[in-house]
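could you look at this predicted model? Sequence included:
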Amino acid sequence: MRSLVCAFTALVLLAACSPALNWRTVALADAPLTVMLPCKPDQAVRDVDWGAGRVPLSMVGCEAGGATWAVSHVLLGQPQDAPAVLERWQRALQKQLQLPATIPAGEPYLIKGGLELPQAMKVEWDGRNAKGDAVVADVRWFARLESSGVRVYQAMVLSPGQPVAAAARDTFVQGLQLR
């Protein structure tokens, strides 16, 4: 039995370190956050309006092991806007994943240095992508005060059909470090 447990543990660790997942530390240039990504990231910026006026949404992410690994963030000028923006961001993802209006709530998520808000949470939602294929979204939302306002974040792993291996997800989540 003991050798079976050791073998299983070794397989889980190898899955997190597989060639498909080439982990690297990425310090975001436009936000005080360091992330661990399993592939060379791409970056993009687009404007969004979630009720606090149009603001640039910065994204960094990549595809590896069949999943999309991404971190997005928005700087808000008014800290009091953070709860509403996080809520609207969550509803936007819910709509994008074609989920019903009422879904189970997430669990609280507090990153070291982050704000303790009811909207700072982690969820795992089973949904559908734009093509109608089954996907699983494992998401963390959090916020942090900055001298110029508050920055809100979304960190997500989007995988086809089933969640990514727990060891890989944990590497990604543990790599989220506010600076």
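Right, received. Where do you want to start?

which regions of the protein sit below the pLDDT cut-off?
1-19 (pLDDT under 70).

kindly recompute the last result at 90.
Applying pLDDT under 90 to the chain picks out residues 1-20, 49-53, 100-105.

tell me where it has helices.
Taking DSSP state H, the helices of the chain run over residues 2-16, 82-96, 166-174.

please export the C-alpha coordinates of stretch 53-60 as PDB.
Provided in PDB are the C-alpha atoms of stretch 53-60 (Å, rounded to 0.1, in the frame of the first residue of the first chain):
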ATOM      1  CA  GLY A  53     -16.500  54.000 -16.600                       C
ATOM      2  CA  ARG A  54     -14.300  52.600 -19.300                       C
ATOM      3  CA  VAL A  55     -11.000  51.300 -18.000                       C
ATOM      4  CA  PRO A  56      -8.200  49.300 -19.600                       C
ATOM      5  CA  LEU A  57      -8.200  45.600 -18.800                       C
ATOM      6  CA  SER A  58      -4.700  44.100 -19.000                       C
ATOM      7  CA  MET A  59      -4.300  40.400 -19.600                       C
ATOM      8  CA  VAL A  60      -1.400  38.000 -19.600                       C
END
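
buried set for it?
Val55, Leu57, Ser58, Val60 (16 or more other C-beta atoms under 10 Å). The way it works is simple: take the backbone N, C-alpha and C, and place the C-beta from them, glycine included.

so the residue nearest the centre of the chain bridges to which residues?
With distances taken as C-alpha atoms, centre = their mean, the residue of the chain nearest its centroid is Ala155 (1.5 Å). Under DSSP bridges, the beta-bridge partners of Ala155 are Val71, Arg140.

also Arg54?
Counting by DSSP bridges, Arg54 is bridged to Asp49.

before we move on, what about Lys122?
Bridge pairing for Lys122 - DSSP bridges - gives Glu107, Arg140.

go ahead and confirm it touches Tyr109.
Yes - with contact defined as C-beta atoms under 8 Å, Lys122 counts as touching Tyr109 (4.2 Å).
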